[in-house]
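> Give the three-dimensional model of this entry:
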Amino acid sequence: MLPDIDMTNPLTAQTAAFLAFAQLAELHPTLPGAYITTSQISPTEASVLLDSPADLEAWRLATHTEVDDVQLADHKGERKLHFTAPLGRITLKVFTVFAPASVVVSA
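From the prediction side, this is the model:
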């Protein structure tokens, strides 16, 4: 159960995130869809999970994120590409997880 203090942020606290995504969709109507999460605990942050590195690249371009800001990490035997980007008043944590090419080829 969340402490009472965490329950004091109403849904309207997340309005900035919803508006930012609506504006992004309007500016980039062909941007790949994503699994997006936000919460009342951190209403100015959103996580964006994408299906592939190509989708991540599309989001990188749409958010005007520099190539050097994209990080590659190992994640439970898979690879994770991720970056953080400001979008209006919110911060996006954008990522995708995928199998390394050597695993895909050998399968």
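> Other residues contacting the biggest helix by length in the chain?
As assigned by DSSP state H, the longest helix anywhere in the chain is helix 15-27. For helix 15-27, contacts defined as Cβ atoms under 8 Å, 6 or more residues apart in numbering pick out 31, 36, 38, 43-46, 62-63, 87-90. Every residue, glycine included, has its C-beta placed from N, CA and C.
> want to throw the residues you listed into JSON lines with neighbour count, distance to residue 24 and pLDDT?
Listed next are those as JSON lines, based on neighbours: other Cβ atoms under 10 Å; distance: Cβ to Cβ, whole Å; pLDDT from 0 to 100:
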{"residue": "31", "neighbour count": "16", "distance to residue 24": "7", "pLDDT": "98"}
{"residue": "36", "neighbour count": "15", "distance to residue 24": "10", "pLDDT": "97"}
{"residue": "38", "neighbour count": "21", "distance to residue 24": "14", "pLDDT": "95"}
{"residue": "43", "neighbour count": "20", "distance to residue 24": "17", "pLDDT": "93"}
{"residue": "44", "neighbour count": "15", "distance to residue 24": "15", "pLDDT": "93"}
{"residue": "45", "neighbour count": "15", "distance to residue 24": "15", "pLDDT": "96"}
{"residue": "46", "neighbour count": "23", "distance to residue 24": "11", "pLDDT": "97"}
{"residue": "62", "neighbour count": "18", "distance to residue 24": "6", "pLDDT": "97"}
{"residue": "63", "neighbour count": "19", "distance to residue 24": "8", "pLDDT": "97"}
{"residue": "87", "neighbour count": "20", "distance to residue 24": "7", "pLDDT": "92"}
{"residue": "88", "neighbour count": "14", "distance to residue 24": "9", "pLDDT": "88"}
{"residue": "89", "neighbour count": "12", "distance to residue 24": "13", "pLDDT": "90"}
{"residue": "90", "neighbour count": "20", "distance to residue 24": "10", "pLDDT": "95"}
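> Show me the strands in this protein, by range?
35-37, 45-50, 71-75, 78-87, 90-98 (DSSP state E).
> Look up which residues are beta-bridged to the residue lying closest to residue 45 once chain neighbours are set aside.
Nearest non-adjacent residue to residue 45, counting by Cβ to Cβ, 6 or more residues apart in numbering: residue 91, 5.1 Å away. Legend: beta-bridge partners of residue 91 under DSSP bridges are residue 45, residue 86.
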